[in-house]
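Participant: Only the shape, not the letters, is given here:
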């Protein structure tokens, strides 16, 4: 991110558990390997990040907690768990709690992977490639937006010759590069994401949101089907210093991944604005 | 439908091919049985319906062509293929052409069913129940809407004790009662639904829509994720006598299935209005 200038800011980008770099099903020795890797919550991630920031670096204040999608959910969790520490909060295409509706989406992707006989209950000698391939269209239908496909941005913006090319190269490619258990670990974290699912707030989302004191901007995508702007508006209304800015774009939930310059510029601008005030 | 009074109107409700009652994979003898059943288009359905109506009943004018979802797509096809015959047209939660975006949804459901080893390429000795069960959450995530789940209508309106009960009883139950090949036949028809995919219009959707002369009302659901009101508005704008009426409801695309009285009453009213004028 251009807006996060390492000459001016001390930038910390922790990897999530389960992503294949941090402790994950694919890199953890037995007995906690593969499908035996524990379920990891937002709270677990942020608790360890907090130790990193405070114990390793001795930092007491964070000028900005920022994140996209599940990264934004962690920034939310951080701002709710350590309100005195987080001065500014910016999440884009992120929710403080995954909706009930969206549980179904996660369940479908998971079930498809587990259905592959090669999955073998999570102890697979070779990757369950067919299950991962089936996950691709399920996920892809949520990943962009009706407008994205109506405007044929898969062809004009991403340069694919056809819809099938896009599905195979972009989506199947994405899934086939992932370790299935790592992916399932992330899906579990996403499905259960809830900044109030911890001892501090005991499931009371209103209380967790009300605890956030950071100068906050929440930015949904106007075309995100799984996290409608309306849902983000509801969360914003329960945070005392929160502003809602809807990113008008046909790129759906992936808008924050940096695939198109116009939308990325909008996101960068929010970061500039927030850091400047 | 109360609005369709059999004392006043001659009502014809043809079953679609592939639904298990009309010719379908599950009831057609070899060699065209099971997965060998031919792919059936909207055009194929309406061509046979046309023969029924004209050759069997000797009808020359249809006062109203009406349908929900894929039934509405057939009404669309009829109005475009036989404009002189269809005086009024009402489709709810229906498209004249399935969007590219929505191809992905159909592909995911299909792929999940085919992934079940019991499917055996479509010649299954016993139903591929695991594949059908995986199809349930994939479909369910599109079947209602974020607002439906936010308002917990699965519990308050449909009376389920929990989200899992709803998924298992409603969605898995729905899928497990279906023959997999019949279901795949319908998915194929839905994925390829396009009133211009025939010799008359040769893929020119604008031409097919412009050919419709019926007094038309198109009614999308405000909360339908797979057929956004915006898409229906685009189709309405290309039909000369079409009016768009958005059904404001949290019930998503299933709103036309008669599960809630308030929305059903709105749909009935349109039929009354159209028949009266």
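Facilitator: Okay, I see it. Worth saying up front: this structure is predicted, and the values here are computed from it rather than measured. Numbering: from 1, shown residues only, chains lettered A, B, ... in the order given.
Participant: and residue A:146, what is it in contact with?
Facilitator: Counting by C-beta atoms under 8 Å, 6 or more residues apart in numbering or on different chains, residue A:146 touches A:223, A:225, B:99, B:101-102, B:226, B:228, B:230-231. Glycine gets a C-beta too; all of them are placed from N, C-alpha and C.
Participant: Spatially, which two of those residues are the most separated?
Facilitator: A:223 and B:102 (14.6 Å; C-beta to C-beta).
Participant: Wait, residue A:197 touches residue A:44, no?
Facilitator: No. Shown here, residue A:197 and residue A:44 do not form a contact pair, counting by C-beta atoms under 8 Å, at 10.6 Å.
Participant: So, low pLDDT: which residues of the stretch 1-150 of chain A?
Facilitator: A:1 (pLDDT under 70).
Participant: Kindly report the residues of it close to chain B.
Facilitator: A:99-105, A:107-108, A:111-112, A:115-117, A:130-131, A:133-134, A:137-138, A:140-142, A:144-150 (C-beta under 8 Å from any C-beta of the partner chain).
Participant: Only the buried members of the residues you listed: can you turn that into a ChimeraX selection?
Facilitator: Here is the ChimeraX selection string for the buried members of these, based on 16 or more other C-beta atoms under 10 Å in any protein chain shown:
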select /A:99,100,101,102,103,104,105,107,108,111,112,115,116,130,131,133,134,137,138,140,141,142,144,145,146,147,148,149,150
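Participant: can I get the contacts of residue A:146 in TSV with distance to residue B:25 and secondary structure?
Facilitator: Shown next, in TSV, are those (distance: C-beta to C-beta, whole Å; DSSP: H, G, I helix; E, B strand; the rest coil):
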residue	distance to residue B:25	secondary structure
A:223	37	coil
A:225	31	coil
B:99	26	coil
B:101	27	helix
B:102	22	helix
B:226	24	coil
B:228	32	coil
B:230	35	helix
B:231	30	helix
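Participant: so which of those comes closest to residue A:162?
Facilitator: residue B:101 (14.8 Å).
Participant: Nearest residue to the closest one in space, ignoring adjacent ones along the chain?
Facilitator: Of all residues not flanking residue B:101 in the chain, residue A:149 sits nearest, at 3.7 Å (C-beta to C-beta, 6 or more residues apart in numbering or on different chains).
Participant: Residue A:269 versus the most centrally placed residue in chain A, what's the distance?
Facilitator: Closest to where the C-alpha atoms of chain A average out (C-alpha atoms, centre = their mean) is residue A:70, at 1.9 Å. For residue A:70, the distance to residue A:269 (C-beta to C-beta, to the nearest Å) stands at 23 Å.
Participant: what do you get for residue A:45?
Facilitator: Distance from residue A:45 to residue A:269, by C-beta to C-beta: 28 Å.
Participant: next one: residue A:27
Facilitator: 37 Å.
Participant: and what of residue A:3?
Facilitator: 8 Å.
Participant: Could you do residue A:126 as well?
Facilitator: 46 Å.
Participant: So for these two, which sits in the more crowded spot?
Facilitator: The neighbour comparison of residue A:126 against residue A:269 (other C-beta atoms under 10 Å in any protein chain shown) goes to residue A:269, with 12 against 7.
Participant: What pLDDT is listed against the more buried one?
Facilitator: In this model, residue A:269 is scored at 95, pLDDT.
Participant: What of residue A:236?
Facilitator: 98.
Participant: Helix or strand: which one has it?
Facilitator: Per DSSP states H and E, residue A:236 falls inside helix A:229-237.
Participant: same for that helix, what does it pack against?
Facilitator: strand A:215-219, strand A:242-244, helix B:146-150 (3 or more C-beta pairs under 8 Å, 6 or more residues apart in numbering or on different chains; DSSP states H and E).
Participant: will you turn the ones you listed into CSV that also has distance to residue A:8?
Facilitator: What follows is the helices and strands packed on helix A:229-237, written out as CSV (distance: least, C-beta to C-beta, whole Å):
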stretch, distance to residue A:8
strand A:215-219, 18
strand A:242-244, 23
helix B:146-150, 39
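Participant: what sits up against the strand or helix carrying residue A:208?
Facilitator: Element membership of residue A:208 [criterion: DSSP H and E] is helix A:205-211. By C-beta under 8 Å, 6+ apart, the residues outside helix A:205-211 that reach it are A:80, A:83, A:96-97, A:194-196, A:200-201, A:235, A:238-240.
Participant: Report the mean per-residue pLDDT for it.
Facilitator: In the prediction, helix A:205-211 has an average pLDDT of 98.
Participant: Assign residue A:78 to one of the three secondary structure states.
Facilitator: Secondary structure state of residue A:78, per DSSP: H, G, I helix; E, B strand; the rest coil, is helix.
Participant: what's the burial count for it?
Facilitator: Neighbours around residue A:78, by other C-beta under 10 Å: 26.
Participant: who's in contact with it?
Facilitator: A:46, A:49-50, A:62, A:65, A:85-86.
Participant: Quick check: the gap between it and chain B.
Facilitator: 25 Å (C-beta to the nearest C-beta, to the nearest Å).
Participant: can you check residue A:229 too?
Facilitator: 11 Å.
Participant: Quick check: that residue touching residue A:246?
Facilitator: Yes. Contact criterion C-beta under 8 Å: residue A:229 and residue A:246 qualify, at 5.0 Å.
Participant: what is in contact with the two at once?
Facilitator: Common neighbours of residue A:229 and residue A:246 (C-beta under 8 Å, 6+ apart) are A:220-222.
Participant: got the residue ranges for the helices in chain A?
Facilitator: A:42-51, A:70-81, A:100-115, A:129-143, A:146-150, A:153-156, A:163-165, A:173-176, A:180-191, A:205-211, A:229-237, A:261-276 (DSSP state H).
Participant: Can I get those helices in TSV including distance to residue A:15?
Facilitator: TSV is the format used below for these (distance: least, C-beta to C-beta, whole Å):
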stretch	distance to residue A:15
helix A:42-51	9
helix A:70-81	10
helix A:100-115	21
helix A:129-143	21
helix A:146-150	28
helix A:153-156	29
helix A:163-165	31
helix A:173-176	18
helix A:180-191	11
helix A:205-211	24
helix A:229-237	25
helix A:261-276	20
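Participant: deepest of the ones you listed, which one?
Facilitator: When the helices of chain A are scored by mean count of other C-beta atoms under 10 Å in any protein chain shown, the highest mean neighbour count falls to helix A:70-81 (a mean of 26).
Participant: contacting residues for the residue nearest to residue A:232 when sequence neighbours are not counted?
Facilitator: Residue nearest to residue A:232 in three dimensions, not counting chain neighbours: residue A:220, with 3.9 Å by C-beta to C-beta, 6+ apart. Contacts for residue A:220 (C-beta under 8 Å, 6+ apart) come out as A:92-93, A:227-229, A:231-233, A:244, A:246-247.
Participant: Show me how chain A divides into domains.
Facilitator: A:34-98+A:194-276, A:102-188 (automatic domain parsing).
Participant: Out of those domains, which gets nearest to residue B:57?
Facilitator: So among the domains of chain A, domain A:102-188 is nearest, using C-beta to C-beta, at 39.1 Å.
Participant: picking that back up, take the domains of chain A and lay them out in JSON lines including distance to residue B:22.
Facilitator: Formatted as JSON lines, the domains of chain A follow (distance: least, C-beta to C-beta, whole Å):
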{"stretch": "domain A:34-98+A:194-276", "distance to residue B:22": "33"}
{"stretch": "domain A:102-188", "distance to residue B:22": "28"}
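Participant: which stretch among the ones you listed comes nearest residue B:56?
Facilitator: Nearest of the domains of chain A (C-beta to C-beta): domain A:102-188, 39.7 Å.
Participant: Chain B contacts on the stretch 151-277 of chain A?
Facilitator: Checking the stretch 151-277 of chain A against chain B by C-beta under 8 Å from any C-beta, the hits are A:152, A:163, A:167, A:225-226, A:228, A:230-231.
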